[in-house]
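S.K.: how does the following fold in three dimensions:
(2 chains)
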Amino acid sequence: MTPGVSVDIGGLRLGGPVLAASGTFGYGTEVPLLERRALGALVSKGIFLRPREGTAPPRIAETPSGMLNAIGLQGPGVEAVVRDYAPMWAEWDFPVLVNINGESASEYGELAARLDGVPGIAGFEINISCPNVEQGGLYFGNDPRAAAAVTESVRKRTKLPLWVKLTPMVSDIGVIARAVESAGADALCAINTFVGMSIDLNAYRPRLSFRTGGLSGPAIRPLAVHLAHQAARAVDIPVIGAGGIMRAEDALEFLVAGCSAVQVGTATFVNPKAIAEIHDGILGFLEARGLSSLAELPRYLPRD
Amino acid sequence: MFLLDASIMGRRQVARGMFVIAMHAPEIATTVRAGQFVNLGWASGPLLRRPFSVYRADGEHIEVVLKAVGLGTAQLLAMELGDRVSCLGPLGRGFELAGANAVLISGGLGVAPMPLAARDARAVGMEVTWVHGARTAAELCAEAGGDRVIWATDDGSQGIQGTAVAASPDAEAVLACGPNRMLAAVAERWPHAQVSVETYMGCGTGVCLGCAMPLKRGGYDRACTEGPVYRAADVDWGALPSHLAYAVGT
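M.R.: Got it, this is the predicted structure:
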């Protein structure tokens, strides 16, 4: 018998534990060769109220086992999402959450209010961790009061499931995790990219035009497993692990470390079928270990 | 679009440091259009795939042309016949071929999309002039196509001394590929030219937004999806990075 892999993330039932991370799957229409059966949920590219052009090139640079990106949340703005994408999402058999961004706590709330009740939108992921915007982004994510204020502002405007994506650029992720839990978050995602920099020795300047970028890929995985574990120990709400997951074994590390689900991002750039392969690999692992469902997977989650 | 494991079937040198690699990729070989590209990845290779214009396609095989410019391309060149490469493609928007005649202008590795362009242009009855330039005779790609061939070298060691752009005649359709600064010169002389641009790419499929091309009308689009072929006048050449190796042609 195929092991059960459906999961409940803060009131949202997902068919599987492998989710597409924001910014790595567009709005769900761009990734070729998509195998929908394997996708637990899609988190849309991050959006703002208004359209944004994004940063000047070069926007990406490869580093050992990783990549730096500074896209700058290029996007069409909320009205285009409501008009062009939500109607399509409403037809799909997996939930789509919108990754929301703002330059102030009230802007996040405004965005949630505009999207709340629009058919096709199953919930929100509050992005307080994007390193590539001048205003907002991770500056809300490394202060517990600001993080809670943004979460409260959105919570007041919607009853839909609310996830908060945390930045690793903090001294104690547990403090931020508890702050957003108290402010009404239904789940957390740990973690977004690390801030990094790489220098072009021919030009004597940074390789990215934005100077810094978010580091993703296998290079950050052990750091991410640790931070997701720390977050899971700090709160009672589910934690979705993310950071450098390329294979099923990587995803299972996060799950054993206390996460309820995982997000896959950079791996999709390399292999458009990565999510399906990771999903199938988790099934195979459970089967091989004689586990009848994901709930039976032993977790390493000591409480303090 | 196909994702397949392609065996390396052959390798030959076409200029100093420049090689053509042939791969067994039947689904791509039969569907690729001139100017489209494939994104290649391989075990033990770098994290991200590397994009290559399809150089030739026939029957069940495609070819790409490359130089060892970094660790990734060096690994690809070191592969043995029969080794497998993960091949994603065909990707992007290629050349539009219409009119009585075409000039195909390339500089250095910019020769990459031109053999396929020559084949497809001749297939629709166009008369094709092939113009290829490099710094020296040794760096010219030895393989050419079309009805007439013009060579250009910076040092005059073969063909006309000067740039490929300067050596090129006018034509109804102008197709060009090479360093950004060469393409900017093409845009000055033939705003309607179709140019194939090079940029860093992440996914190659339109998702990551890493290959942003600055446009004259403002904003960016994706070289991997709306490109890599652009109308020369549509690109904001001044906003492209000018310090990168591919921009200056080193």
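
S.K.: please name the residues that touch A:V270.
M.R.: Contacts for A:V270 (C-beta atoms under 8 Å, 6 or more residues apart in numbering or on different chains) come out as A:M246, B:G41, B:L47, B:L48, B:R49, B:C203. C-beta coordinates here come from the backbone N, C-alpha and C atoms, glycine included.

S.K.: for the spatially closest residue to B:A164 that is not a sequence neighbour, which three-state class applies?
M.R.: Excluding the flanking residues, the one nearest B:A164 by C-beta to C-beta, 6 or more residues apart in numbering or on different chains is B:G133, at 3.0 Å. Secondary structure, DSSP: H, G, I helix; E, B strand; the rest coil: B:G133 is strand.

S.K.: what bridges to B:G133?
M.R.: In this entry, B:G133 is beta-bridged to B:G107, B:A152, by DSSP bridges.

S.K.: these two touch, right, it and B:S157?
M.R.: No - look at B:G133 against B:S157 with C-beta atoms under 8 Å: they stay out of range, at 11.6 Å.

S.K.: how many residues are close by the residue of the stretch 101-250 of chain A found nearest chain B?
M.R.: Taking C-beta to the nearest C-beta as the measure, the stretch 101-250 of chain A has A:A203 as its residue closest to chain B, at 4.0 Å. By other C-beta atoms under 10 Å in any protein chain shown, 13 other residues sit near A:A203.

S.K.: mind listing what A:R155 touches?
M.R.: By C-beta under 8 Å, 6+ apart, the contact list for A:R155 reads A:L162, A:A183, A:G184, A:A185.

S.K.: which residues of chain B lie near chain A?
M.R.: Neighbours of chain A within chain B, by C-beta under 8 Å from any C-beta of the partner chain: B:1, B:3, B:41, B:46-49, B:86, B:88, B:199-203, B:205-214, B:218-220, B:239-241, B:243-245.

S.K.: one step back: between B:G133 and B:S157, who's got more neighbours?
M.R.: Neighbours of B:G133 and B:S157, each counted by other C-beta under 10 Å, are more numerous for B:G133; the result is 30 against 15.

S.K.: separation between B:N39 and B:P90?
M.R.: 10 Å (C-beta to C-beta, to the nearest Å).

S.K.: my error: substitute A:G46 in the last question.
M.R.: Counting by C-beta to C-beta, the gap from A:G46 to B:P90 is 30 Å.

S.K.: give me the neighbour count for the closest residue to A:A248 other than its chain neighbours.
M.R.: Leaving aside its chain neighbours, A:A248 sits nearest to A:G281 (2.4 Å; criterion: C-beta to C-beta, 6+ apart). Close neighbours of A:G281, defined as other C-beta under 10 Å, add up to 17.

S.K.: okay, now the unreliable bits of chain B?
M.R.: Of all residues in chain B, those with pLDDT under 70 make up the ranges B:243, B:245-250.

S.K.: domains of it?
M.R.: Residue ranges for each domain of chain B read B:2-91, B:101-248, as given by automatic domain parsing.

S.K.: turn those into CSV, columns for distance to A:A231.
M.R.: Shown next, in CSV, are those (distance: least, C-beta to C-beta, whole Å):
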stretch, distance to A:A231
domain B:2-91, 26
domain B:101-248, 26
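
S.K.: circling back: ok, of the residues of chain B next to chain A, which come out buried?
M.R.: B:3, B:41, B:46-49, B:86, B:88, B:199-203, B:205-214, B:220, B:239-241, B:244 (16 or more other C-beta atoms under 10 Å in any protein chain shown).

S.K.: could you pull up phi and psi at A:I9?
M.R.: Main-chain dihedrals, A:I9, degrees, to the nearest 10: phi -110, psi 100.

S.K.: tell me how far it lies from A:E35.
M.R.: Relative to A:E35, and taking C-beta to C-beta, A:I9 is found at 21 Å.

S.K.: more neighbours, those two?
M.R.: Shown here are A:I9 and A:E35; by other C-beta under 10 Å, A:I9 has more neighbours (25 against 14).

S.K.: who's in contact with that one?
M.R.: Shown in contact with A:I9 (C-beta under 8 Å, 6+ apart): A:A41, A:P161, A:W163, A:D186, A:A187, A:P238, A:I240, A:S260, A:A261.

S.K.: tell me the spacing between it and chain B.
M.R.: 23 Å (C-beta to the nearest C-beta, to the nearest Å).

S.K.: closest one of the contacts of A:V270 to B:T129?
M.R.: Checking the contacts of A:V270 against B:T129 with C-beta to C-beta, the nearest one is B:R49 at 33.6 Å.

S.K.: so where is chain A shaky, pLDDT-wise?
M.R.: A:134-136, A:304.

S.K.: what residues does chain A put near chain B?
M.R.: So far as C-beta under 8 Å from any C-beta goes, chain A lies against chain B at A:23-26, A:30-33, A:53-62, A:65-67, A:69, A:71, A:74, A:200, A:202-203, A:205, A:209, A:217-218, A:266, A:268-273.

S.K.: so of those residues, which ones are in helices?
M.R.: A:T266, A:T268, A:F269, A:V270 (DSSP state H).

S.K.: isn't A:A146 up against A:Y139?
M.R.: Yes - counting by C-beta under 8 Å, A:A146 touches A:Y139, with 7.2 Å between them.

S.K.: helix or strand for A:G109, which one?
M.R.: helix A:105-115 (DSSP states H and E).

S.K.: sorry, that was for B:N39
M.R.: Residue-wise, B:N39 maps onto strand B:37-41 under DSSP H and E.

S.K.: name the surrounding residues that touch that strand.
M.R.: So strand B:37-41 is in contact with A:270-271, B:25, B:28, B:32, B:48-54, B:62, B:64, B:76, B:85-92, B:113, B:201, B:203-205, B:228, going by C-beta under 8 Å, 6+ apart.

S.K.: which neighbours does it have in its sheet, and in what orientation?
M.R.: Partners of strand B:37-41 in the sheet, by DSSP bridges, are strand B:50-53 (antiparallel), strand B:84-91 (antiparallel).
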